[in-house]
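K.L.:
mind looking at a prediction? Sequence and model below.
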Amino acid sequence: EAQVTQNPRYLITVTGKKLTVTCSQNMNHEYMSWYRQDPGLGLRQIYYSMNVEVTDKGDVPEGYKVSRKEKRNFPLILESPSPNQTSLYFCATGLNRQPQHFGDGTRLSIL
Amino acid sequence: AQTVTQSQPEMSVQEAETVTLSCTYDTSENNYYLFWYKQPPSRQMILVIRQEAYKQQNATENRFSVNFQKAAKSFSLKISDSQLGDTAMYFCAFTPLGNSGYALNFGKGTSLLVTP
């Protein structure tokens, strides 16, 4: 069964405390990406990765980092979270640069 | 920059009827992918249908079909025989295949309510 697993599903934290949201897929897809969803703004792409060690910025990369050391994992790192990063986050993967499978989402609240 | 516009923030349709959701996009690219995603109240994101710009034939997936008008930069989604389970937010999305990279751009969504 195709799976994209995000952890944690929910997190409440404080400004400045580094956090990592993990994303793992079991489909051996080369393409992975991160999005944030905010009311009235739809989804906006943060970063994407075309393959191991290949990452690129999306529309809203400021304040985020990613890494792609293995094909199956694509963690999203917030080095110094701020309240404006409170959002619902999705990881996705797929073939041919097409996001076909999404994780269940991570709701982050930064106080 | 690429933009995706969904001009209908909310729509409703009765069960078993047909509804069309609009999407327009702006790009200077010639090759790209277009997508429709569904987000039900559970918040999951589900790929409904996709279209490659170089294909003239409109994509179809069961009750879902698109009307792709490349010259008009229009990509509407038609849902036939609407079901209560189709109630969801629907997002149109676009990704170029040219030199501007592979970022995925979403519209702001259309909230569809299917009523009995």
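P.N.:
That came through, no problem. None of these values were measured; they are calculated from a predicted model. Numbering: from 1, shown residues only, chains lettered A, B, ... in the order given.

K.L.:
what's the neighbour count on the nearest residue to A:Ser67 once chain neighbours are set aside?
P.N.:
Among residues not flanking A:Ser67 along the chain, A:Pro75 sits closest, at 6.1 Å (Cβ to Cβ, 6 or more residues apart in numbering or on different chains). Using the backbone N, CA and C atoms, a C-beta is placed for each residue, glycine as well. Counted with other Cβ atoms under 10 Å in any protein chain shown, residues neighbouring A:Pro75 total 17.

K.L.:
grab the most central residue of chain A for me.
P.N.:
By Cα atoms, centre = their mean, chain A has its centre lying nearest to A:Trp34, at 3.3 Å.

K.L.:
how much space separates the residue nearest to that residue when sequence neighbours are not counted from A:Leu19?
P.N.:
The shortest distance from A:Trp34 to any non-neighbouring residue, by Cβ to Cβ, 6+ apart, is to A:Ile46 (4.3 Å). When distance is defined by Cβ to Cβ, to the nearest Å, A:Ile46 is 14 Å away from A:Leu19.

K.L.:
comparing these two, which residue is more hemmed in?
P.N.:
It is A:Ile46, of A:Ile46 and A:Leu19, that has more neighbours when counted by other Cβ under 10 Å, with 25 against 17.

K.L.:
I figured that one hits A:Tyr64, correct?
P.N.:
Yes. Between A:Ile46 and A:Tyr64 there is a contact under Cβ atoms under 8 Å: 5.3 Å.

K.L.:
what's near enough to touch residue 48?
P.N.:
You didn't say which chain, so I picked chain A. A:31-34, A:55-56, A:58, B:102-104 (Cβ atoms under 8 Å, 6 or more residues apart in numbering or on different chains).

K.L.:
not what I meant, chain B
P.N.:
With Cβ under 8 Å, 6+ apart, B:Val48 has these contacts: B:35-38, B:61, B:64, B:77, B:90.

K.L.:
those also near chain A: which ones?
P.N.:
With Cβ under 8 Å from any Cβ of the partner chain as the criterion, the contacts of B:Val48 include B:Phe35 near chain A.

K.L.:
emit the ChimeraX select command for whichever of the contacts of B:Val48 are buried.
P.N.:
Here is the ChimeraX command that selects the buried residues among the contacts of B:Val48 (16 or more other Cβ atoms under 10 Å in any protein chain shown):
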select /B:35,36,37,38,64,77,90
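
K.L.:
now, the most widely separated pair of the contacts of A:Tyr48?
P.N.:
The span of the contacts of A:Tyr48, defined through Cβ to Cβ, is set by A:Thr55 and B:Leu104 at 14.4 Å.

K.L.:
of those two, who's got more company?
P.N.:
B:Leu104 (24 against 19).

K.L.:
lowest-confidence helix or strand of chain B?
P.N.:
strand B:105-106 (a mean of 89; mean pLDDT, DSSP states H and E).

K.L.:
residue contacts, residue 68?
P.N.:
You didn't pick a chain, so chain A it is. Per Cβ under 8 Å, 6+ apart, neighbours of A:Arg68: A:32, A:49, A:51-55, A:74.

K.L.:
that was the other one, I meant chain B.
P.N.:
With Cβ under 8 Å, 6+ apart, B:Phe68 has these contacts: B:34, B:51, B:53, B:58-59, B:74-75.
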